[in-house]
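K.L.:
The following block contains a protein sequence and its predicted model.
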Amino acid sequence: MSDTAGDVDPEELQRQLSEIKGAMGLAEQYPGRARLWLVAGLLIGLAAVLVQVTFFLYETLGPAAYSAIWGGFCVVAVATLWLVSARLPQREAPAGAPSWRVIYGSLAVFLFGVAGVAGEVARQVPGLDRALLYFGLVIATVGLGLLVTGAVLSSYRVRRRDRLVFYAGGAWVLVYASWLPYVQILRWVGVGLFGILFALYAIAAYVYLTRA
């Protein structure tokens, strides 16, 4: 018994334990995270539908009312995500795992940077095409965020089966964003349709991630 115990390599044992832990799903390893993705997905879907509605009503609402609606929605969305995040079980991130704040902060800076670069050119095109440019950039950034999320979750030792949800989500969102300017029906109602599809994707992803 003692000889067998003495032959145990602590580093090998730690590696095996890490592999076992790595086979766990997102919902099991980090309880509440799947619910957070569901809430975030539904908020993004709702935001896209509201964008579509306010886009058609822009001239009726006027710039001040339009800005007030979106300012209020952003406050509600951020507050909701903050409250949901605060209620999640706290667990220290694995060594070497990147900061989520840095990742999504970088994506936000990327979006504003790209929008700024395209700003002067956008002002020279008609209103619908200009709107499609910015809507497409936002949707594409959402897709990029999903792909990055799937990649980062590997450092949190989340199993590949669960990470595929984010890879697949990022892929279809990027494809959708690339079709937006070319399909006639999408040019007019593509943002609202994206919101509905993304909300359905968020619900399906939640069911998949929490399935035993």
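P.N.:
Cool, got the structure.
K.L.:
use CA for all of it now, contacts and neighbours both
P.N.:
Will do.
K.L.:
need the helix or strand of this structure with the lowest average pLDDT.
P.N.:
helix 2-6 (a mean of 49; mean pLDDT, DSSP states H and E).
K.L.:
show me where pLDDT drops low in the protein?
P.N.:
Within the chain, the set of residues satisfying pLDDT under 70 comprises 1-9, 11-23, 58-59, 61-63, 66-67, 70-96, 115, 117-128, 130, 212.
K.L.:
those helices in it, which residues are they?
P.N.:
Under the criterion DSSP state H, helices of the chain are mapped to 2-6, 10-22, 26-29, 33-56, 58-86, 100-122, 127-153, 160-179, 184-210.
K.L.:
which helices and strands does the third one pack with?
P.N.:
Packing contacts for helix 26-29, counted by 3 or more CA pairs under 8 Å, 6 or more residues apart in numbering; DSSP states H and E, involve helix 33-56, helix 184-210.
K.L.:
cutoff 10 Å now
P.N.:
Secondary-structure packing of helix 26-29 (3 or more CA pairs under 10 Å, 6 or more residues apart in numbering; DSSP states H and E): helix 33-56, helix 160-179, helix 184-210.
K.L.:
Could you work out which of those helices reaches nearest to residue 101?
P.N.:
Across the helices and strands packed on helix 26-29, residue 101 has its closest neighbour in helix 33-56 (15.0 Å, CA to CA).
K.L.:
Would you mark the buried spots in that closest one?
P.N.:
Along helix 33-56, the positions that meet the burial threshold by neighbour count (16 or more other CA atoms under 10 Å) are 33-52, 54-55.
K.L.:
Packing partners of that helix?
P.N.:
The criterion is 3+ CA pairs under 10 Å, 6+ apart, and the helices and strands that helix 33-56 contacts are helix 26-29, helix 58-86, helix 127-153, helix 184-210.
K.L.:
Specify the angle between it and helix 127-153 in degrees.
P.N.:
Relative orientation of helix 33-56 with respect to helix 127-153: 170 degrees, computed using axes from the mean of the first three to the mean of the last three CA atoms, to 10 degrees.
K.L.:
Surely residue 27 touches residue 163?
P.N.:
No. Here residue 27 lies out of contact with residue 163, judged by CA atoms under 10 Å, at a distance of 11.7 Å.
K.L.:
Quick check: neighbours shared by these two?
P.N.:
residue 209 (CA atoms under 10 Å, 6 or more residues apart in numbering).
K.L.:
follow-up on the earlier one: mind putting the helices and strands packed on helix 26-29 in TSV, distance to residue 10 included?
P.N.:
As requested, those are arranged in TSV below (distance: least, CA to CA, whole Å):
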stretch	distance to residue 10
helix 33-56	31
helix 160-179	26
helix 184-210	33
